[in-house]
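**Student:** Show me how the following folds:
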Amino acid sequence: MKIVVLIKQVPDTAEERRLSPDTGRVDREATDPVIDEITERALELALTVKDRDKSTEVVVASMGPADAAKSIRKALSMGADSGIHILDDSLAGADMVLTAATLAAALRDTGADLVIAGNESTDGRAGMIPAMIAEHLGLPLLGSLVSAEIGGDAVAGVRLSEVGTQEVTASYPAVLTVTERFEEARFPNFKGIMGAKRKPLATISAADLGVSAQVRSTVLDVAQRPPRTAGRKIVDDGNAAAELVDFLAARRLI
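**Tutor:** Residues are numbered from 1 along each chain as shown. Alright, predicted model coming up:
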């Protein structure tokens, strides 16, 4: 089995993230870059399959600037076999339409049985890229799963919804996305770190993929979030309940 895991380099999720007022994009220089936590969990799922069956090939793919190669190398040190880095300055600031088209083009000829991704990225949280990729490739999507069983002939999983639990399944090839309910990623050991330096990492451009790097959407304006103000205090002098009801009703919260 061949599994391709989509990973994304994002600003450190433990620090405050901000938008650049000049570009309207995420300011990636403000914090240290890390692999998105949810995509790390996607990689962990793939590596658990490889742990059970050593013939499984795990490839990590990422689209990003030059230093995104560091995140790919970390994924290789964790146990992935090879990496794909889509690197092209013309893709800077790519919107979802362009990002999905580019990633789908990179995946099309990999021969992957299964593509695993996070259900959303912690810097954008749009949660639409995997579905768009599946549409480009004409593959079934098992999205936002809380558990998954990757078998020899099919993949199955459980998805939670507002009204209950859904059990979904698909034959290969397919696209699967994980949520934060999955196991945290393992730490690379010294052997893995040293071995990652010798693993293949292919760098490809938009031209290599036959993709026209045309960004169709732009950010027109960025405004700083206003500081939080003190709330209204209600002192119980016998009619606090009525005051609270009036307060909530005035804001159409009840």
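
**Student:** What are the boundaries of the strands in the chain?
**Tutor:** For the chain, strands defined by DSSP state E occupy the ranges 2-6, 9-11, 33-35, 57-63, 82-86, 114-118, 141-150, 154-160, 165-171, 174-178, 201-204.

**Student:** who wins for proximity to Val245 among those?
**Tutor:** Nearest of the strands of the chain to Val245, taken as C-beta to C-beta: strand 154-160 at 33.1 Å. C-betas here are computed from N, CA, C, even on glycine.

**Student:** What residues of that closest one count as buried?
**Tutor:** Val155, Ala156, Gly157, Arg159 (16 or more other C-beta atoms under 10 Å).

**Student:** again with stretch 199-212
**Tutor:** Lys199, Ile204, Ala206, Leu209, Val211.

**Student:** next one: stretch 165-180
**Tutor:** Under 16+ other C-beta under 10 Å, the buried positions of stretch 165-180 are Val168, Ala170, Tyr172, Pro173, Ala174, Val175, Leu176, Thr177, Val178, Thr179.

**Student:** Kindly reformat the residues you listed as JSON lines containing pLDDT and distance to Ala75.
**Tutor:** Conversion of those to JSON lines gives the following (pLDDT from 0 to 100; distance: C-beta to C-beta, whole Å):
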{"residue": "Val168", "pLDDT": "96", "distance to Ala75": "26"}
{"residue": "Ala170", "pLDDT": "98", "distance to Ala75": "25"}
{"residue": "Tyr172", "pLDDT": "97", "distance to Ala75": "22"}
{"residue": "Pro173", "pLDDT": "98", "distance to Ala75": "21"}
{"residue": "Ala174", "pLDDT": "98", "distance to Ala75": "21"}
{"residue": "Val175", "pLDDT": "98", "distance to Ala75": "19"}
{"residue": "Leu176", "pLDDT": "97", "distance to Ala75": "17"}
{"residue": "Thr177", "pLDDT": "97", "distance to Ala75": "17"}
{"residue": "Val178", "pLDDT": "97", "distance to Ala75": "15"}
{"residue": "Thr179", "pLDDT": "95", "distance to Ala75": "19"}
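
**Student:** So which of these is the closest to Gly138?
**Tutor:** Closest to Gly138, out of all of the buried residues of stretch 165-180 and judged by C-beta to C-beta, is Pro173, at 9.5 Å.
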